[in-house]
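*Asks:* Just the structure for this:
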Amino acid sequence: MKNILILSASPRKGGNSDLLCDEFMRGALDAGNQVEKLCLSDYKINYCTGCGLCSEFGKPCPQTDDMAMILEKMIAADVLVMATPVYFYTMNAQMKTLIDRACARYMEISHKEFYYILAAAENDRALMTRTIEGFRGFTDCLEEPVEKGVIYGIGAWKKGEIKPLPVMHEAYEMGMKV
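*Replies:* Numbers count the residues shown, from 1 in each chain. From the prediction side, this is the model:
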């Protein structure tokens, strides 16, 4: 059994990337794993101010928001699933803000398995490269991350358009194989 943390950056509950998270979670739960899903829109996560307290002085981030709690969960997890809608061929601001704020304790996010979930109106997987590279830019800074899979929820723009697409089953199956 693995401890899985799903970080859903969808600003709309039931949005396409959020629905893919739910299917991944259903598969992971059916396989006997422990799973928690956090919808980033439910939490207050301030932008990194670049104050340097964490990176230069090894001090905790001075901001009082929900990021410290989220970081604790990220550190405790065996598996991190990072899900974002794709805006202008990259991750949305909610996910990027989370990544930037992970700076305070990023060295403790070590030896994790990573899955990425994308949802985009665009139909061409090749155009999702920038989004994936954004995630990889984050994980390249971590100790021994292992990228396990990517779910490409493409061709769905309006809320719920992902539901009839085969990628929903793919998300479930990938969750089962964690």
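
*Asks:* List the beta-bridge partners for Pro85.
*Replies:* With DSSP bridges as the criterion, the beta-bridge partners of Pro85 are Ala119.

*Asks:* Please name the nearest non-neighbouring residue to Phe24.
*Replies:* If the residues on either side of it in the chain are set aside, Phe24 comes closest to Gly175, at 4.0 Å by C-beta to C-beta, 6 or more residues apart in numbering. Any C-beta I mention is one placed from the backbone N, CA and C, and that applies to glycine too.

*Asks:* Am I right that that neighbour is in a helix?
*Replies:* Yes - assignment of Gly175 by DSSP: H, G, I helix; E, B strand; the rest coil places it within a helix.

*Asks:* Renumber starting at 9 from here on
*Replies:* New numbering, starting at 9: the last item is Gly183.

*Asks:* My guess is it contacts Gly40. True?
*Replies:* No - the criterion here is C-beta atoms under 8 Å, and Gly183 misses it with Gly40 at 11.3 Å.

*Asks:* These two: which has the busier surroundings?
*Replies:* Gly183 (29 against 10; other C-beta atoms under 10 Å).

*Asks:* Distance of that one relative to Ala91?
*Replies:* For Gly183, the distance to Ala91 (C-beta to C-beta, to the nearest Å) stands at 12 Å.

*Asks:* buried stuff in stretch 158-168?
*Replies:* Val158, Ile159, Tyr160, Gly161, Ile162, Gly163, Ala164 (16 or more other C-beta atoms under 10 Å).

*Asks:* what does stretch 82-100 give?
*Replies:* Across stretch 82-100, burial judged by 16+ other C-beta under 10 Å covers 82-83, 85, 87-94, 98-100.

*Asks:* which one among those gets closest to Glu64?
*Replies:* The shortest separation between Glu64 and any of these is 21.0 Å, and it belongs to Ile83 (by C-beta to C-beta).

*Asks:* pretty sure Gly22 is in a strand, no?
*Replies:* No - the assignment for Gly22 (three-state DSSP) gives coil, which keeps it out of a strand.

*Asks:* so it makes contact with Ile170?
*Replies:* No - between Gly22 and Ile170 there is no contact, the gap being 10.1 Å when judged by C-beta under 8 Å.

*Asks:* Just the CA trace of the worst-scoring helix or strand of the chain on mean pLDDT, in PDB.
*Replies:* Ranking every helix and strand in the chain by mean pLDDT, DSSP states H and E puts helix 61-65 at the bottom, with a mean of 90. C-alpha atoms of helix 61-65 as PDB (Å, rounded to 0.1, in the frame of the first residue of the first chain):
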ATOM      1  CA  LEU A  61      14.600  33.200   4.300                       C
ATOM      2  CA  CYS A  62      14.200  29.600   3.200                       C
ATOM      3  CA  SER A  63      16.800  29.400   0.500                       C
ATOM      4  CA  GLU A  64      19.500  31.600   2.000                       C
ATOM      5  CA  PHE A  65      19.000  31.200   5.700                       C
END
